[in-house]
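Colleague: Kindly generate the corresponding structure for this input.
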Amino acid sequence: MQPSLILASASRRRQQFLRDLGLAFSIRLPDIDETPLPGEDPAAMTVRLAEAKAQAVAQQLADPGEHVLIIASDTTVALDGEIYGKPEDAADAVRMLRALRNRTHEVISAVTVLQPATFRCATRVNRTAVTMRNYSDAEIAAYVASGDPMDKAGAYAIQSPDFAPVCALDGCFASVMGLPLVELCELLATFGVATPRTPLQVCGEINPFPCCAASSGRSVHIEFAS
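Modeller: Sure thing, here's the model as predicted:
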């Protein structure tokens with residue numbers, strides 16, 4: 001019997017990724033506190049939140065059954081060990097974008113698959129180095145005014161066509177967008193779920209760059225046109 005998949009996310013991008021992989025799923029929204037713990041390591045926080053989201057959705061299910069799987073993910077931007085989450089307001093978004101400007105930071109994405117009937121839980125993590133271009137204060141102001149940064153870790157979207165904040169990355173493009181596809185598909189396979197389409201096929205449709213799925217090291221270097 002094919003497992004019933006639940007995505008614990010309101011993210012339209014994550015929802016689209018699952019559709020692109022050919023997966024049928026329902027959506028439930030977790031209600032958790034995403035505040036970092038005092039002195040918490042960015043990667044440890046990302047894993048904790050991904051697993052907490054899955055657990056929160058599991059608690060919403062009266063009788064999940066053994067064929068239900070919950071998928072949850074969390075993405076964190078970190079610079080010099082400091083966590084850059086979703087901005088609190090426009091001023092916070094400006095602060096983050098100025099701090100990240102012309103520097104390389106790390107994007108950490110964790111994806112969790114939970115089988116609530118058995119309490120089996122597995123998580124994979126992707127870490128990608130992202131270098132921002134030297135955009136101007138005027139560009140920051142225009143981007144923040146658009147409202148796009150407000151629901152995104154680090155206050156930016158790598159795929160933003162107008163702001164285009166990134167000049168290079170080493171790792172996984174999809175992970176920076178919010179969901180590491182290779183890690184997700186590997187996790188699902190351990191639960192007996194094969195995706196109809198591969199990460200390589202999906203990535204080929206969303207960006208013109210090489211896909212980390214085709215690399216033995218699961219990491220690619222991409223330089224973006226300025």
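
Colleague: who are the neighbours in contact with the spatially closest residue to Thr104 that is not a sequence neighbour?
Modeller: Excluding its sequence neighbours, the residue lying closest to Thr104 (Cβ to Cβ, 6 or more residues apart in numbering) is Thr131, at 4.4 Å. In short, each C-beta sits where N, CA and C put it, glycine included. By Cβ atoms under 8 Å, 6 or more residues apart in numbering, the contact list for Thr131 reads 103-104, 166-169.

Colleague: and Thr131, what helix or strand is that in?
Modeller: According to DSSP states H and E, Thr131 maps onto strand 120-132.

Colleague: Need the residues that contact the following helix or strand past that strand.
Modeller: Heading C-terminal from strand 120-132, the first helix or strand you meet, by DSSP H and E, is helix 137-146. Residues outside helix 137-146 that contact it (Cβ under 8 Å, 6+ apart) are 90, 93-94, 97-98, 101, 149, 155-156, 160, 162-163, 165.

Colleague: What are the buried residues along helix 137-146?
Modeller: Buried residues in helix 137-146, counted by 16 or more other Cβ atoms under 10 Å: 139-140, 143-144.

Colleague: how near is the closest residue to Met132 other than its chain neighbours to His221?
Modeller: Once flanking residues are discounted, Met132 sits nearest to Leu100: 5.0 Å by Cβ to Cβ, 6+ apart. According to Cβ to Cβ, to the nearest Å, Leu100 stands 19 Å off from His221.

Colleague: what about those two, which has more around it?
Modeller: Leu100 (22 against 12; other Cβ atoms under 10 Å).

Colleague: Quick one, grab the pLDDT at that one.
Modeller: Here, the pLDDT recorded for Leu100 equals 97.

Colleague: Met1 too?
Modeller: At Met1, pLDDT is 64.

Colleague: quick one, what contacts the closest residue to Ser160 other than its chain neighbours?
Modeller: Spatial nearest neighbour of Ser160, excluding adjacent residues (Cβ to Cβ, 6+ apart): Asp148 at 6.1 Å. By Cβ under 8 Å, 6+ apart, the contact list for Asp148 reads 157, 160, 163.

Colleague: how close does the residue positioned nearest the centre of the chain get to Ala157?
Modeller: Taking Cα atoms, centre = their mean, the centroid of the chain lies closest to Gly178, which sits 2.0 Å from it. Distance of Gly178 to Ala157, computed by Cβ to Cβ: 9 Å.

Colleague: Okay, and the beta partners of Ile70?
Modeller: Ile70 has the following beta-bridge partners by DSSP bridges: Ile6, Leu114.

Colleague: Could you give the number of residues near it?
Modeller: Ile70: 27 neighbours (other Cβ under 10 Å).

Colleague: Let's see the pLDDT reported for it.
Modeller: Confidence at Ile70, expressed as pLDDT, is 97.

Colleague: mind checking how far it is from Phe209?
Modeller: Ile70 is 31 Å from Phe209, by Cβ to Cβ.

Colleague: returning to what we had before: and the strand holding Thr131, what's buried?
Modeller: 121, 123-128, 130-132.

Colleague: How about stretch 107-118?
Modeller: For stretch 107-118, the buried set under the neighbour-count rule, 16+ other Cβ under 10 Å, comprises 107-116.

Colleague: pLDDT of it, averaged?
Modeller: Averaged across stretch 107-118, the pLDDT comes to 96.
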